[in-house]
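1. Any chance you can model this:
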Amino acid sequence: MVGSMSTTLEPPVRGTRMRDQLVRVAEAATTPYLPSDFMDLFAPLRSGADLRGRVESIHPETADAATIVIRPGADWAGHVPGQYLRIGIDVDGVRQWRAYSLTHGPRRDGRISITVKAVPDGLVSNHLVHRARPGTLVHLEQAAGEFVLPPAGGKHLMVTAGSGITPVIGMLRNLFPSTDEGVLRPERSAVHDIVVVHVAPSRPDSIFIHDLEALDAAGAIRLVARYDDEHGVLDVDRLSDLVPDLAERATLACGPAGLLDALAAHHDEAGISLTTEQFRTARVEPGEGGTVAFADGTTLDLDGATPILDAAEDAGKLMPSGCRMGICMGCVIPLREGSVRDLRDGAITTAVPGESGAIKVQTCINAAAGPCHFDH
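-> Model (predicted):
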């Protein structure tokens, strides 16, 4: 019996050792890269890989906005309508991260979509709207955000402006799907009573206006469209003129900070429930050098001309690196907030809390370009 057990156990042990040896050989052969780095070339959307997506199609919505349909990787965990995701894309050789609302509920084909409005100073938004092409690989983070409809339903007012319509259209499409036969009003959506006040510079500039008008015509929502060129700027103090039962509705609002601040002051005074989502955060202005903070509590004042790796080591901070041994990328650490400047070409990389997530940077070639916070 003992001999029989020994015979049964030995092959798996030998097999495990053999696999471990093959893995070590493969890692040695591909150093400084890992075998998984080469697998990414052939199966970038596979389970276990860094989460990515492949752009499948791009559909113009207005002259400066487009909906981008993406096939997410196998480890995409899904989302609730109204949530957003962070997307990373390489622009001129530098990976940039931005947050965009998902403009659909869960789809049967497993695809996801975002709608991007190109803004004058928007490096990523202009790239996605005007330069991205089907087949482009993008990096993804899992969906996040609390700007969602309560499943129990109720009476709601949705106030949107410009591309602030994007999370709302995701909720509405999920509640009232559109088909070739028109807008559907499933029984599960009967508990929702929704008024949408949508603000835009003009009707041609109004993203998803055809969707909103179709929902209104079908009786799924009541649409109050306000165009600056026809009606002037929305006066939130007169919102009850547009929505007589305003006090009976919980308000969800998404748009620029000025509108959200005005709504917050108005609703606070009136005692009306308000949930907001701001679709664009303030930009971090890069400078020359700055205070660099690390996760262990170390804080250093570094200049803008010396690589972070060298300056931090000179100040007594232990830093990861393999540069001096010819091992590239050993000095990469996550930048959680702030800006760094590539000393080779002057390119700025910025991490924005709540938008970009942590961005991995090489400390041997980047200098501080303002205050920075590293997860190291």
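
2. Next up, the contacts around the nearest residue in space to Ala264 that is not next to it in sequence.
-> Distances taken as C-beta to C-beta, 6 or more residues apart in numbering put Leu274 closest to Ala264, at 6.3 Å, once the chain neighbours are dropped. Every residue, glycine included, has its C-beta placed from N, CA and C. If a contact means C-beta atoms under 8 Å, 6 or more residues apart in numbering, then Leu274 has 250-253, 263-264, 267-268 as its contacts.

3. and these, which are buried?
-> Neighbour counting by 16 or more other C-beta atoms under 10 Å classes 250-253, 263, 267 among the contacts of Leu274 as buried.

4. mean confidence score for the helix or strand hosting Leu263?
-> Taking DSSP states H and E as the definition, one finds Leu263 inside helix 257-270. This predicted structure assigns helix 257-270 an average pLDDT of 93.

5. do the same with stretch 353-373
-> Taken as a whole, stretch 353-373 has an average pLDDT of 84.

6. Flag every buried residue along it.
-> In stretch 353-373, residues buried by neighbour count (16+ other C-beta under 10 Å) are 355-359, 361-373.

7. Could you work out the end-to-end span of that stretch for me?
-> 10 Å (C-alpha to C-alpha, to the nearest Å).

8. Name the residues linked to the closest residue in space to Ser163 that isn't next to it in sequence by a beta bridge.
-> Distances taken as C-beta to C-beta, 6+ apart put Lys117 closest to Ser163, at 4.0 Å, once the chain neighbours are dropped. With DSSP bridges as the criterion, the beta-bridge partners of Lys117 are Ala65.

9. so how many other residues sit close to Lys117?
-> Applying the criterion other C-beta atoms under 10 Å, we find 24 residues in the vicinity of Lys117.

10. try Asp241
-> Close neighbours of Asp241, defined as other C-beta under 10 Å, add up to 9.

11. Could you look up the SS state of it?
-> For Asp241, the reduced secondary structure class is helix; criterion used: DSSP: H, G, I helix; E, B strand; the rest coil.

12. can you check Thr276 too?
-> strand.

13. if I read this right, it contacts Ala250, doesn't it?
-> No. Checked against C-beta atoms under 8 Å, the pair Thr276 and Ala250 is beyond contact range at 12.0 Å.

14. buried ones in the helix holding Leu263?
-> Neighbour-count burial for helix 257-270, counted by 16+ other C-beta under 10 Å, picks out 259-260, 262-263, 266-267.

15. Same question for stretch 208-216.
-> Neighbour-count burial for stretch 208-216, counted by 16+ other C-beta under 10 Å, picks out 208-209, 211-212, 214-216.

16. Name the nearest residue to the most centrally placed residue in the chain, ignoring sequence neighbours.
-> For the chain, the residue sitting closest to the mean C-alpha position, by C-alpha atoms, centre = their mean, is Arg86 at 1.7 Å. In space, Arg86 comes closest to Glu141 once its chain neighbours are excluded; the distance is 4.2 Å by C-beta to C-beta, 6+ apart.

17. Burial check on that neighbour, number of neighbours?
-> Using other C-beta under 10 Å, Glu141 has 15 other residues around it.

18. His192 now?
-> One way to gauge burial is a neighbour count; for His192, by other C-beta under 10 Å, it gives 20.

19. On the pLDDT front, check it for me.
-> The predicted local confidence for His192 comes out at a pLDDT of 96.

20. ok, now Pro150?
-> Note for Pro150: predicted pLDDT of 89.

21. okay, now it: neighbour count?
-> When neighbours are counted by other C-beta under 10 Å, Pro150 comes out with 11.

22. Same check on Asp310?
-> The local packing of Asp310 (other C-beta under 10 Å) involves 16 other residues.

23. Let me know the secondary structure of it.
-> Using three-state DSSP as the criterion, the local structure at Asp310 reads helix.

24. now do Gly297
-> Assigned by three-state DSSP, the conformation of Gly297 is coil.

25. pLDDT value on it, please?
-> The predicted local distance difference test score for Gly297 is 90.

26. okay but Ser189 is in contact with Leu172, surely?
-> No. When contacts are counted by C-beta under 8 Å, Ser189 is not listed as touching Leu172 (9.5 Å).

27. okay, and the common contacts of those two?
-> Counting by C-beta under 8 Å, 6+ apart, the shared contacts of Ser189 and Leu172 are Ala220.

28. out of those two, which sits in the busier spot?
-> Comparing Ser189 with Leu172 by neighbour count (other C-beta under 10 Å), the higher total belongs to Leu172, at 29 against 16.

29. residues touching the more buried one, list them.
-> Residues in contact with Leu172, defined by C-beta under 8 Å, 6+ apart, are 194, 196, 211-212, 215, 220-221.

30. which one among those residues gets closest to Ala161?
-> The nearest member of the contacts of Leu172 to Ala161, counting by C-beta to C-beta, is Val196 at 11.5 Å.

31. For the helix or strand harbouring that closest one, enumerate the helices and strands it packs against.
-> Secondary structure assignment for Val196, by DSSP H and E: strand 192-200. Packed against strand 192-200, as judged by 3 or more C-beta pairs under 8 Å, 6 or more residues apart in numbering; DSSP states H and E, are the following elements: strand 154-161, helix 165-175, helix 209-217, strand 222-227.

32. contacts for the next helix or strand after the shortest one?
-> Just to be clear, that refers to strand 222-227. Next in sequence after strand 222-227, counting helices and strands by DSSP H and E, comes helix 228-231. Contacts of helix 228-231 from elsewhere in the structure, counted by C-beta under 8 Å, 6+ apart, are 199-202.

33. Thanks a lot, catch you later.
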